[in-house]
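Trainee: Build me a model from this:
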Amino acid sequence: MKAYLAILRIGDYRLLWSALVLNLLGDGATYAALAWITVEEAGAAGLGILGVCLTLPVIAGGAVVGPLLDRFSRRKLFIYDSVFRGVVVALIPLLAFADSLHVWHLYVVALVYGFLKIIPLAGTPAVLPELVPADKLQAASGLEATAMGAANVLGPAIGAGLITLFGAPNVLLLDAATYLLFAFLISRIKAPMGRPEPAETTGDAPQRPGWAPVFRLIVRDRFLLVLTLSFGAFNVSAGALVVALPWLAKFEFGSGPGVLGLMLAVMAAGELIGSLVSGAVQTSEKQMLRIGVFQLLSGAVLFFLIPTALPWILLGLALNGILSAPMTVLGGVVRMTRVPNEMRGRAMTLMRTVMAGALPAGSALGGFLLTDSHYQGLIVAVAALAAAPGILTVVLFRRTPFRLGVTAADDQQTKNDTVPSGS
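Mentor: Below you'll find the model as predicted:
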């Protein structure tokens with residue numbers, strides 16, 4: 001806990017973390033509301049469409065947002081995005097009050113949310129090194145993940161309660177308010193969070209804008225490439241669960257939104273525990289090896305979801321949350337360390353876009369298989385796909401150390417310096 005108390009004493013980081021908690025509380029409640037309206041109106045097929053709408057636009061959004069994070073003030077992008085999305089989300093309860101709400105309205109809101117989601121998703125790790133010292137990055141990454149876990153525990157529970165009391169559309173009012181609170185708290189941060197200064201270049205090669213140098217960085221750096229691809233494969237399972245959990249609550253258990261909220265809260269509680277523990281641990285040279293082991297185990301425990309019995313499903317979700325959260329925390333430190341600041345917005349966007357781009361594949365697969373009630377086949381497929389990259393990561397990095405503060409460019413320079421020049 002000392003590591004967390006120390007990082008929370010940094011005022012700017014405390015504001016960012018508080019803003020994330022509030023924003024994510026609203027998002028957790030909103031997902032429960034959107035999913036419940038959709039499953040009542042359009043069934044499993046509608047859930048598949050909703051899952052794709054929430055996740056697929058992240059890919060297109062990443063192509064637009066990445067360069068913006070390295071060309072304009074990151075503070076202003078955070079604020080403008082939050083205000084705009086707050087207004088869009090608030091349209092749903094307004095339409096409901098006017099008795100004009102249709103399912104396609106939910107899809108449109110989900111599309112807007114998915115398109116702009118990459119701004120806080122990639123922008124937060126891009127600005128963290130500006131707010132905290134390097135030796136506290138793991139604690140900062142841990143608290144970021146903890147914020148997600150804590151908000152996801154309370155968000156679905158709040159959403160389920162509000163659905164029962166006031167109806168699902170009104171839950172979106174909470175999310176609209178949290179967007180505005182997020183913008184206000186970001187405006188209070190003292191650090192510039194502005195456009196990053198270009199790095200000094202060496203030799204005759206100028207610093208190039210656009211995606212080409214970022215793509216080369218990720219492809220040539222084994223740390224970044226393996227993290228991106230393996231996490232992307234793991235996220236197929238997360239996309240499938242977006243569809244599978246509401247389907248279970250509605251059609252398998254015949255229950256109301258409370259059971260959906262329970263499943264989401266149990267998984268998020270596991271993530272919270274995993275984030276708290278991993279964020280308090282010191283960064284290690286075996287960082288990548290640890291990530292591989294966690295991915296292998298977190299994918300394997302999804303097999304507990306095969307029996308359609310609520311206790312087994314809750315156990316599998318809790319274990320998956322506990323084991324998958326450290327992947328995010330430890331991987332975040334690797335990414336923030338290996339990428340230089342002037343490329344961090346684009347690099348974080350590209351990596352997280354690839355990873356998030358796997359979510360709609362899982363949602364589409366889930367919607368397709370669950371339409372014919374092939375639930376067990378879906379779980380077997382996504383569990384195997386989630387666990388397999390963990391084995392690869394363990395094999396590739398069992399003897400490769402991770403060094404805090406050493407970027408991919410530093411490694412390349414060291415390698416060049418050790419190669420004898422030709423005669």
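Trainee: In which helix or strand does A300 reside?
Mentor: Assessed by DSSP states H and E, A300 sits inside helix 287-300.
Trainee: elements contacting that helix?
Mentor: Packing partners of helix 287-300 (3 or more CB pairs under 8 Å, 6 or more residues apart in numbering; DSSP states H and E): helix 222-247, helix 310-338, helix 375-397. All C-beta atoms are positioned from the backbone trio N, CA, C, and that covers glycine.
Trainee: please redo it, this time with the cut-off set to 6 Å
Mentor: Secondary-structure packing of helix 287-300 (3 or more CB pairs under 6 Å, 6 or more residues apart in numbering; DSSP states H and E): helix 310-338, helix 375-397.
Trainee: The longest one - contacts with which helices or strands?
Mentor: Helix 310-338 sits against helix 118-131, helix 137-166, helix 222-247, helix 257-279, helix 287-300, with contacts defined as 3+ CB pairs under 6 Å, 6+ apart.
Trainee: Tell me the buried residues in stretch 36-45?
Mentor: 36-39, 42-44 (16 or more other CB atoms under 10 Å).
Trainee: Minimum pLDDT in those, which residue is that?
Mentor: In terms of pLDDT, the lowest of these is A44, showing 70.
Trainee: How about it, nearest residue that isn't a chain neighbour?
Mentor: Leaving out its chain neighbours, the residue that sits closest to A44 by CB to CB, 6 or more residues apart in numbering is L370, at 4.6 Å.
Trainee: same deal with V87?
Mentor: Leaving aside its sequence neighbours, V87 sits nearest to A176 (CB to CB, 6+ apart; 7.4 Å).
Trainee: Pull out the buried residues from the helix or strand where the residue nearest to A44 lies.
Mentor: Element membership for L370 (DSSP H and E) is helix 341-371. By neighbour count with 16+ other CB under 10 Å, helix 341-371 contains the buried residues 341-367, 369-370.
Trainee: ok, now stretch 211-231?
Mentor: Applying 16+ other CB under 10 Å to stretch 211-231 flags 211, 214, 217-218, 221, 223-224, 226-231 as buried.
Trainee: could the residues you listed go into CSV alongside distance to F251 and pLDDT?
Mentor: Formatted as CSV, the buried residues of stretch 211-231 follow (distance: CB to CB, whole Å; pLDDT from 0 to 100):
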residue, distance to F251, pLDDT
W211, 43, 81
V214, 43, 87
L217, 46, 89
I218, 41, 89
D221, 45, 90
F223, 42, 92
L224, 41, 92
V226, 38, 92
L227, 36, 91
T228, 35, 90
L229, 34, 89
S230, 32, 91
F231, 30, 90
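Trainee: now for the helix holding L370, which elements pack on it?
Mentor: Checking 3+ CB pairs under 6 Å, 6+ apart, helix 341-371 ends up next to helix 11-55, helix 57-71, helix 118-131, helix 212-220, helix 222-247.
Trainee: In three-state terms, label the residue nearest to V87 for me.
Mentor: A176 falls in the helix class when you classify it by DSSP: H, G, I helix; E, B strand; the rest coil.
Trainee: what do you get for S284?
Mentor: Quick answer, by three-state DSSP: S284 is coil.
Trainee: Find the nearest non-adjacent residue to it, please.
Mentor: R290 (6.7 Å).
Trainee: which secondary element of the protein has the worst mean pLDDT?
Mentor: In the chain, the helix or strand scored least confidently by mean pLDDT, DSSP states H and E is helix 408-418, which has a mean of 66.
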